[in-house]
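Novice: could you look at this predicted model? Sequence included:
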Amino acid sequence: MIASQAMDSEAVEQAKVRLQKAEKALQELQAATNYDGAESAWIDFLVAASTIYSKLQQGAKSNAKSRAWYASKKKERKEDPLLRYLHQARNSEEHGTERVVARGGSAKDILGRPLKFGERVAHKIQIHDKENNAPKGEPIDAYPPVPSLRSDGA
């Protein structure tokens, strides 16, 4: 059998399919209207994103140049805080029993109005001088925590 000249094209195609699945999961996460839908989409994203690496790793095995390229991507995944977190969160989801996300935020805004999942409502706030309570500067928009998912320290 003749050695392949480059990364296995089937592995690249499968990685592209997983990238599309990850993109779809992110769209579903953005559109989520409740905790369960958001958590399901987040887990789908983690699994799809991780599988991209697995497919490329398998596809790189038959070619020295591809193996070197994949090794650099693996190193990047270990060194980059976000990529490392995503990898650890996926491992926790697949192999652990603890949730990779927690439910956070408040069900009501600062005026007591009920909030929908992921709804952000701006409230104007003003800084005041401590001595005379006079307003300082211009009012700014503040966004209190809303019902949403948060990292659970994967």
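Specialist: That came through fine. Note that the coordinates shown come from a computational prediction; the quantities given were computed from them, not determined experimentally.
Novice: looking at the chain, which helix is longest?
Specialist: helix 35-60 (DSSP state H).
Novice: what about the residue in the chain sticking out farthest from the centre, distance to residue 119?
Specialist: Distance from the C-alpha centroid of the chain peaks at residue 132, with 44.9 Å (C-alpha atoms, centre = their mean). Distance check for residue 132 against residue 119: by C-beta to C-beta, to the nearest Å, it reads 36 Å. In short, each C-beta sits where N, CA and C put it, glycine included.
Novice: tell me the buried residues in the longest helix of the chain?
Specialist: Of all the residues in helix 35-60, those buried under the rule 16 or more other C-beta atoms under 10 Å are 35, 38-39, 41-53, 55-60.
Novice: pLDDT below threshold where in the protein?
Specialist: Scanning the chain for pLDDT under 70 picks out 1-5, 100, 105-106, 146-154.
Novice: ends of stretch 124-137, how far apart?
Specialist: End-to-end distance of stretch 124-137 (C-alpha to C-alpha, to the nearest Å): 12 Å.
Novice: any idea how far that stretch is from the chain center?
Specialist: 37 Å (C-alpha atoms, centre = their mean, to the nearest Å).
Novice: what are the ranges of the strands in this protein?
Specialist: 101-104, 123-128, 135-142, 148-151 (DSSP state E).
Novice: mind putting those strands into TSV with mean neighbour count and distance to residue 80?
Specialist: What follows is the strands of the chain, written out as TSV (neighbours: other C-beta atoms under 10 Å; distance: least, C-beta to C-beta, whole Å):
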stretch	mean neighbour count	distance to residue 80
strand 101-104	16	20
strand 123-128	11	35
strand 135-142	10	31
strand 148-151	16	16
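Novice: dump these into TSV; add distance to residue 24 as well.
Specialist: Converted to TSV, the strands of the chain look like this (distance: least, C-beta to C-beta, whole Å):
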stretch	distance to residue 24
strand 101-104	19
strand 123-128	34
strand 135-142	32
strand 148-151	18
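Novice: for these, which one sits closest to residue 77?
Specialist: strand 148-151 (17.8 Å; C-beta to C-beta).
Novice: residue 36 and residue 21, how far apart?
Specialist: 19 Å.
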